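# quick one, structure for this:
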Amino acid sequence: MGAAHTAATSSLRADGVLRGKPVGADEALQLLDEQGIRHHDERFSPFVDSLEPEVLRGFYRDMALVRRFDVEATALQRQGELALWVPVVGQEAAQIGSGRAMNAADYAFPTYREHGVALTRGLDLASLLKLFRGVSNGGWDPRECNFHLYTLVLAAQVPHAVGYAMGIARDLVADPGTEPAAVVAYFGDGSSSEGDVHESMVFAASYNAPVVFFCQNNNWAISVPFEVQSKIPLVNRAGGYGIPGIRVDGNDVLAVHAATQWALDHARNGHGPVLIEASTYRVGAHTTADDPTKYRMLAEEELWKTRDPLQRLEKYLRAENLVDEAFFEQLKLDGDELAAHVRKETLALGGADIRQKFATVYAEAHPLVAEELAWFENYQASFTDAQSKQGGAA
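Modelled structure (predicted):
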């Protein structure tokens, strides 16, 4: 009821532009609650009410496969096969719901955690691990799936996304027969504190760029809690740029899908950018180099586990008799098959040639890089010398 009431306080202009109080400024739009019960929202429910059972099962399947992939990638890192891994557990609904709302012509600009979006864009998830194994600066051709390379520099992808969206708008003016498309710029609550995001929203609003700013607010910018970064919901910032804002329950795949579809339609139809704040939670560590027990309480994690996006959709599917045990049994087999594929492809990559990495920092030789390479070679040789001494002593 709260989400529906909040939505009603906004108004649509004749051209379809949302104005007034941002949708979900006080409460997040929710269409499927923690108990798996559907709720109606006059504005957004129509986007998901007509979804076929197969699509709903597909949402669950996508989320389950991404979670299984995440478990396998984490294991590979712990076993020394990856230098680092960025878990996504807890944020599957925000990624699958938004990713499945995109058309083939739309383009996604991810951070370094959008494994679920990668799945929805048709990317072989094994390709993601090339970057984290250190054998590639990217690992896939973005043109094949309209899914850009991962961005390790905080918020750097957001201005790139706006520039791409501005290009889409120019192409449409030059050739009205061009298929309308939009861009989704993914970023987290930590990135929202970066100037890159502010500048991007200024440009997007000024040039009416067809871009959806999708913030996965997982409550923690590594060890910094969200309330330290902002005293109000991030969605309220939309009003400062004169663009629509939607705050959505990021663990509700139906609400995320509906909100993103509305936002993409809005952008593609020439009405400009939209800001979506998906309220979700990072259940695990920021990366495998992080220890969240140092900065947050176990009780908080346990609370959010009760809001698990997979569990609530499973409850709904079972209550509506849209799945049976055979579905889950097959899904487990599919997940294990995906994990085996990812492991096989990762191990087949071999190791990174660290000297080649030093050689490609600059186009021409650089004395500082040469100095650092010499230090690394001496450091690496020290292990060989230590082993030789141990062997001699034995």
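# for the rest of this, base every contact and every neighbour count on C-alpha atoms.
Noted.
# for the residue nearest the centre of the chain, give me its contacts.
By CA atoms, centre = their mean, the mean C-alpha position of the chain lies nearest to Glu114, the distance being 3.1 Å. Contact analysis of Glu114 by CA atoms under 8 Å, 6 or more residues apart in numbering lists 88, 95, 186.
# what residues are up against the first one?
Meaning Val88. So Val88 contacts 67, 70, 113-115, 282, 284 (CA under 8 Å, 6+ apart).
# mind redoing it with 10 Å?
Contacts for Val88 (CA atoms under 10 Å, 6 or more residues apart in numbering) come out as 66-67, 69-71, 95, 112-116, 281-287.
# just the buried subset of those, please.
Burial by neighbour count, 16 or more other CA atoms under 10 Å: within the contacts of Val88 this picks out 66-67, 69-70, 95, 112-116, 281-287.
# which ones among those lie within helices?
When these are checked against helices (DSSP state H), the matches are 66-67, 69-70, 95, 115-116.
# from these, which is closest to Leu152?
Distances from Leu152 to these, taken as CA to CA, are shortest for His115 (13.9 Å).
# wait, the closest one sits on Trp85?
No: counting by CA atoms under 10 Å, His115 stays clear of Trp85, with 11.2 Å between them.
# tell me, what's touching the two both at once?
Joint contacts of His115 and Trp85 (CA under 10 Å, 6+ apart) are Asp70.
# what residues of the helix or strand harbouring Thr74 count as buried?
Take DSSP states H and E as the rule and Thr74 turns out to sit in helix 53-78. The neighbour-count check on helix 53-78 (16+ other CA under 10 Å) flags 56-57, 59-70, 72-74, 76-77 as buried.
# for Asn217, phi and psi?
For Asn217, the backbone dihedrals (degrees, to the nearest 10) come out as phi -80, psi 90.
# now it: how far from Ser193?
12 Å (CA to CA, to the nearest Å).
# that older thread, how much space between the residue nearest to the centre of the chain and Thr151?
From Glu114 to Thr151 the distance is 10 Å (CA to CA).
# same deal with Ala299?
32 Å.
# of these two, who's got more company?
Thr151 (16 against 9; other CA atoms under 10 Å).
# quick one, what contacts Thr151?
Counted by CA under 10 Å, 6+ apart, Thr151 has contacts 109-113, 138, 157-158.
# these in strands, which ones?
Among the contacts of Thr151, the members found in strands (DSSP state E) are Phe109.
# nearest to Gln311 among the contacts of Thr151?
Arg113 (21.2 Å).
# isn't the closest one right next to Phe187, touching?
Yes: using CA under 10 Å, Arg113 is in contact with Phe187, at 9.3 Å.
# now the helix or strand where Arg343 lies, how far from the centre of its chain.
Element membership of Arg343, judged by DSSP H and E, is helix 325-347. Relative to its chain's centre, helix 325-347 lies at 22 Å (CA atoms, centre = their mean, to the nearest Å).
# buried sites along it?
331-332, 334-336, 338-339, 342-343, 346.
# just the angle for it relative to helix 53-78, thanks.
Angle of helix 325-347 versus helix 53-78, following axes from the mean of the first three to the mean of the last three CA atoms, to 10 degrees, is 40 degrees.
# residue contacts, Lys294?
By CA under 10 Å, 6+ apart, the neighbours of Lys294 are Ser223.
# Ala101 and Val228: what is the separation?
For Ala101 relative to Val228 (CA to CA), the value is 32 Å.
# my reading is that Phe187 lies in a strand. Confirm?
Yes: counting by DSSP: H, G, I helix; E, B strand; the rest coil, Phe187 is found in a strand.
# give me the distance between the nearest residue to it once chain neighbours are set aside and Ala161.
Leaving aside its chain neighbours, Phe187 sits nearest to Cys215 (5.0 Å; criterion: CA to CA, 6 or more residues apart in numbering). From Cys215 across to Ala161, the span is 13 Å (CA to CA).
# from Val323, how far off is the residue nearest to His39 when sequence neighbours are not counted?
Leaving aside its sequence neighbours, His39 sits nearest to Leu31 (CA to CA, 6+ apart; 4.7 Å). Distance, Leu31 to Val323, by CA to CA: 20 Å.
# likewise for Leu149?
In terms of CA to CA, Leu149 sits 35 Å off from Val323.
# also Ala28?
28 Å.
# more neighbours: these two, which one.
Ala28 (23 against 17).
# and that one, backbone torsions?
Torsion angles, degrees, to the nearest 10, at Ala28: phi -90, psi 140.
# circling back: among the buried residues of helix 325-347, which two are most distant?
Leu331 and Thr346 (22.3 Å).
# wait, Ala108 sits on Asn146?
Yes: the pair Ala108 / Asn146 is scored as a contact, 6.3 Å apart, by CA under 10 Å.
# can you list residues touching both of those two?
Jointly contacting Ala108 and Asn146 under the rule CA under 10 Å, 6+ apart are 118, 121, 183.
# now, which of these sits nearest Glu314?
Looking across the shared contacts of Ala108 and Asn146 and measuring by CA to CA, the closest to Glu314 is Ala118, at 22.4 Å.
# against which helices or strands is the helix or strand that closest one falls within packed?
Assigned by DSSP H and E, Ala118 belongs to helix 115-120. If contacts are counted by 3 or more CA pairs under 10 Å, 6 or more residues apart in numbering; DSSP states H and E, helix 115-120 sits against helix 53-78, helix 92-99, strand 107-109.
# following element in sequence after that helix, please.
Per DSSP H and E, the first helix or strand lying C-terminal to helix 115-120 is helix 128-133.
# just checking, what packs against that following helix?
helix 53-78, helix 325-347.
# how about those helices, which one is nearest Ala209?
Going by CA to CA, the one of the helices and strands packed on helix 128-133 nearest Ala209 is helix 53-78, 29.0 Å.
# all strands of the stretch 251-394 of the chain, in order?
Applying DSSP state E, counting those that start in this stretch to the stretch 251-394 of the chain gives strands spanning 274-279.
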